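>>> Below is the structure, and that's it, no one-letter string:
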């Protein structure tokens, strides 16, 4: 091979190596092949299963660009199947070629070489108008181009695969980032809640200590209050901290304290979702009232048919009215001074919710009215605002 | 929660504005302040009410929870800053993001805390 020709071949190989797409690669390979072999046409053919696809060409007249042929019905197919060059001096007279394809075409001779690297990629072919028997140099030059193109094609496939997995990795990285940001937000929120809860626990501990005179009283009062707080957290968690279902929270808070048969408690009210800020004050209130009922009120005497009715409704102005009414218990003896429990519920309801607690020691039983304005109560379906105003569950 | 040393606290006699919407903790802090010999203004839970108190009662010191009813205690902090009244935020770290940037560097005391920690933080702030 003369120097000028091998220099040109090296340039062509560089061009093929630089190609960043299959179309760029096939077009420059076809161009180089035709030029290097002084041919009038060249075609870049890819194997697709048991077919050849004429992907690109560079020719004085159109050849078969875009067409497909079975591997068994064209010279490129023969080259691909056999892995050998096909040197065809006369296209109309060769058993490897269906002659009718070439009738009326400009070419007389052709050369086809397989294009393969790790796998069969396809074939590269050149054709001449005048009779020409491809020389060893022709075969070597075209095969060198074909080998480079095959490598190039495989590299491009690899590159595409890498690109796909890089995109997937990028996406996963983004998802991970979003998730960890969300987690860190959640952690901060959790930190805030835990600290506030611990602060409330500390306050409850001090309040309980100031209202009890002996360690045993303290222990039992404190334990009861702490457990009431814990159950409120359960109710909040079960509604994903959007709020607490009032009906569930009420029976959770009070239920465990009822002595004897279940007829001693009647709960009546729509199953509204309390905002989370209102959950703790209301639960603590119910807990204090229930504890009081067990000690002195409707639930204090097993022999008496004392009962408690807890009912609530929400008016059109979003005010929650909740009544705790005891009946059938022993005669009520109004306390001489307000206990710590009462101060606590009054404080929580008024300070945290701008609400009011009206406690009446009626002869027939304790009546406690809780009023909470702007309670922003959320209605879980299927309850409607009108059902709420009636004060009954739908 | 009794102080061990019988020595009166240097904070004795201070009028302290307490802004905290968590009633149980607010009551505990109020009793800590009383133990230190301070007079408590509050506790208040709501922004507008607390801001009014900051203006009318002229406290010597203020303890501010960050997220309170009706927003954050930032407006109260600005009012106190105008009158050069020292204040501490009482909070968990998470709340700081709720504050305007120029307030985030302010001194804070992490909840919950006891009388000793409260006294130490208030004295450090007073000494500034």
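Yes, it's here. Note that this is a predicted model, so its numbers are computed, not measured. Numbering: from 1, shown residues only, chains lettered A, B, ... in the order given.
>>> what residues are up against whichever residue of chain A sits closest to chain B?
Of all residues in chain A, residue A:203 sits closest to chain B, at 3.0 Å by C-beta to the nearest C-beta. Every C-beta, even on glycine, is put in place using the N, C-alpha and C of the backbone. For residue A:203, the contact set (C-beta atoms under 8 Å, 6 or more residues apart in numbering or on different chains) comprises B:22, B:23, B:24, B:25, B:26, B:27, B:28.
>>> Among those residues, which ones lie close to chain A?
B:22, B:23, B:24, B:25, B:26, B:27, B:28 (C-beta under 8 Å from any C-beta of the partner chain).
>>> Next, name the residue at the spatial heart of chain B.
By C-alpha atoms, centre = their mean, chain B has its centre lying nearest to residue B:63, at 0.6 Å.
>>> Quick one: find the helix or strand in the chain with the lowest mean pLDDT.
Using chain A. helix A:385-390 (a mean of 47; mean pLDDT, DSSP states H and E).
>>> my question was about chain B
Per mean pLDDT, DSSP H and E, bottom of the list for chain B is helix B:101-104, a mean of 81.
>>> Go through that one and flag the buried ones.
In terms of neighbour count (16 or more other C-beta atoms under 10 Å in any protein chain shown), helix B:101-104 has its buried residues at residue B:103.
>>> right, and the helix or strand after it?
strand B:108-110 (DSSP states H and E).
>>> and that next one, which strands flank it?
According to DSSP bridges, strand B:108-110 forms sheet pairs with strand B:87-91 (parallel).
>>> mind listing the strands for the stretch 51-200 of chain A?
When secondary structure is read from DSSP state E, counting those that start in this stretch, the stretch 51-200 of chain A shows strands at A:51-59, A:68-70, A:86-88, A:109-116, A:120-128.
>>> and the gap between residue B:19 and residue B:63?
According to C-beta to C-beta, to the nearest Å, residue B:19 and residue B:63 sit 7 Å apart.
>>> hmm, back to that, how about the strands of the stretch 51-200 of chain A in TSV, adding mean neighbour count and mean pLDDT?
Output for these, formatted as TSV (neighbours: other C-beta atoms under 10 Å in any protein chain shown; pLDDT from 0 to 100):
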stretch	mean neighbour count	mean pLDDT
strand A:51-59	21	93
strand A:68-70	14	92
strand A:86-88	22	95
strand A:109-116	26	95
strand A:120-128	26	94
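>>> Without its sequence neighbours, what residue ends up closest to the residue of chain A closest to chain B?
Distances taken as C-beta to C-beta, 6 or more residues apart in numbering or on different chains place residue B:24 nearest to residue A:203, at 3.0 Å, with adjacent residues excluded.
>>> how far is the one helix or strand the one you found maps to from where the chain is centred?
Assigned by DSSP H and E, residue B:24 belongs to helix B:23-35. Helix B:23-35 sits 11 Å away from the centroid of its parent chain (C-alpha atoms, centre = their mean, to the nearest Å).
>>> tell me the mean pLDDT over that helix?
Throughout helix B:23-35, pLDDT has a mean value of 94.
>>> May I see the buried residues of the following helix or strand past it?
Counting by DSSP H and E, the next helix or strand C-terminal to helix B:23-35 is strand B:39-44. Of all the residues in strand B:39-44, those buried under the rule 16+ other C-beta under 10 Å are B:40, B:41, B:42, B:43, B:44.
>>> Need the contact partners of strand B:39-44.
A:351, B:13-20, B:23, B:26-27, B:29-30, B:33-34, B:50, B:53, B:57, B:59.
>>> which among the buried residues of strand B:39-44 gets closest to residue A:248?
When the buried residues of strand B:39-44 are ranked by distance to residue A:248 (C-beta to C-beta), residue B:43 comes first, at 30.9 Å.
>>> need the contact list for the residue nearest to the closest one when sequence neighbours are not counted.
In this structure, residue B:43 finds its nearest non-sequential neighbour in residue B:26, 3.6 Å apart by C-beta to C-beta, 6+ apart. Counting by C-beta under 8 Å, 6+ apart, residue B:26 touches A:203, A:351, B:18, B:20, B:42, B:43, B:45.
>>> what's the most distant pair in these?
Checking those with C-beta to C-beta, the most distant pair is A:203 and B:42, at 14.3 Å.
>>> residues contacting residue A:290?
Contacts of residue A:290 (C-beta under 8 Å, 6+ apart): A:253, A:254, A:257, A:258, A:299, A:308.
>>> ok but it is inside a strand, no?
No. Counting by DSSP: H, G, I helix; E, B strand; the rest coil, one finds residue A:290 to be helix, located in no strand.
>>> Name the SS class of the residue of chain A closest to chain B, please.
Taken by three-state DSSP, the conformation at residue A:203 corresponds to helix.
>>> so which helix or strand takes in residue A:322?
Residue A:322 belongs to strand A:320-327, assigned by DSSP H and E.
>>> Find the closest residue to chain A in chain B.
For chain B, C-beta to the nearest C-beta, closest residue to chain A: residue B:24, 3.0 Å.
>>> May I see the contacts of residue A:290 organised as a markdown table, with secondary structure, distance to residue A:322 and pLDDT added?
A markdown table is the format used below for these (DSSP: H, G, I helix; E, B strand; the rest coil; distance: C-beta to C-beta, whole Å; pLDDT from 0 to 100):
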| residue | secondary structure | distance to residue A:322 | pLDDT |
| --- | --- | --- | --- |
| A:253 | helix | 12 | 91 |
| A:254 | helix | 12 | 91 |
| A:257 | coil | 17 | 83 |
| A:258 | coil | 18 | 83 |
| A:299 | coil | 19 | 91 |
| A:308 | strand | 13 | 94 |
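>>> Widest-spaced pair of these?
Using C-beta to C-beta, the two most remote members of the contacts of residue A:290 are A:253 and A:299, lying 14.0 Å apart.
>>> residues touching residue A:265, list them.
Applying C-beta under 8 Å, 6+ apart, one finds that residue A:265 lies in contact with A:251, A:254, A:255, A:258, A:307, A:308, A:309, A:310.
>>> Top of those by number of neighbours, please.
Ranked by the number of neighbours (other C-beta atoms under 10 Å in any protein chain shown), the contacts of residue A:265 place residue A:308 first, at 26 neighbours.
>>> Around chain B, pick out the residues from chain A.
Residues of chain A lying near chain B (C-beta under 8 Å from any C-beta): A:188-189, A:191-192, A:194-196, A:198-204, A:206-207, A:210, A:281, A:344, A:347-348, A:351-352, A:354.
>>> Just the buried residues of the residues you listed.
Applying 16+ other C-beta under 10 Å to these flags A:188, A:192, A:195-196, A:199-204, A:206-207, A:281, A:344, A:347-348, A:351-352 as buried.
>>> host element of residue B:16?
Using DSSP H and E, residue B:16 falls in strand B:15-19.
>>> Return the list of helices and strands in contact with that strand.
Using 3 or more C-beta pairs under 8 Å, 6 or more residues apart in numbering or on different chains; DSSP states H and E as the contact test, the elements touching strand B:15-19 are helix B:23-35, strand B:39-44, helix B:47-56, strand B:61-65.
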